[in-house]
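Novice: Return atomic coordinates for the entry below.
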Amino acid sequence: MKLPTKQRKDNYSPAASDVLSDDPEQEVTLEWEGPGAILGRSWLIDQNTGEVIEPDNRGHYTFTMDGLQRRFTWEYEKRPSNARRKH
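Specialist: Model prediction:
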């Protein structure tokens, strides 16, 4: 999946979160829910792997820690654009 080109930074609202564990091989599942209009303009980025997860396509993301810390960024496009994200 390709993220939209950020021509206007003020249109995007990123939020970073860390998942911490004392077991580097622990399996973790992140879950979310919310209005489709919001989720359709959002995506979750796994900063460790670079994977981009579209939350409007699934309500969870399961991963193996592969270390003691895993960083994610949740990005939200405040105003819908004409160009949809492309896979």
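Novice: Mind naming the longest strand for the chain?
Specialist: With secondary structure taken from DSSP state E, the chain has its longest strand at strand 69-76.
Novice: Residues contacting it, please?
Specialist: For strand 69-76, contacts defined as C-beta atoms under 8 Å, 6 or more residues apart in numbering pick out 3, 12-21, 28, 30, 38, 41-48, 63. Any C-beta I mention is one placed from the backbone N, CA and C, and that applies to glycine too.
Novice: Can you name the residues bridging to the one residue sitting closest to the centre of the chain?
Specialist: Nearest to the geometric centre of the chain sits residue 44, at 0.4 Å (C-alpha atoms, centre = their mean). Beta bridges link residue 44 to residue 53, residue 74 when assigned by DSSP bridges.
Novice: got the contact list for it?
Specialist: Shown in contact with residue 44 (C-beta under 8 Å, 6+ apart): 30, 32, 52, 53, 55, 61, 72, 73, 74, 75.
Novice: And for residue 32?
Specialist: Here residue 32 is in contact with 39, 44, 55, 59, 60 (C-beta under 8 Å, 6+ apart).
Novice: try it again with 7 Å
Specialist: Counting by C-beta atoms under 7 Å, 6 or more residues apart in numbering, residue 32 makes contact with 55, 59.
Novice: Quickly note the distance from it to residue 22.
Specialist: Separation of residue 32 from residue 22 (C-beta to C-beta, to the nearest Å): 24 Å.
Novice: May I ask which helix or strand of this structure has the lowest mean pLDDT?
Specialist: helix 36-39 (a mean of 87; mean pLDDT, DSSP states H and E).
Novice: From the contacts of strand 69-76, keep the buried residues only.
Specialist: 12, 30, 41, 42, 43, 44, 45, 46, 63 (16 or more other C-beta atoms under 10 Å).
Novice: can you pull the contacts of the residue nearest to residue 73 when sequence neighbours are not counted?
Specialist: Nearest residue to residue 73, sequence neighbours excluded (C-beta to C-beta, 6 or more residues apart in numbering): residue 45, at 4.6 Å. Shown in contact with residue 45 (C-beta under 7 Å, 6+ apart): 52, 72, 73, 75.
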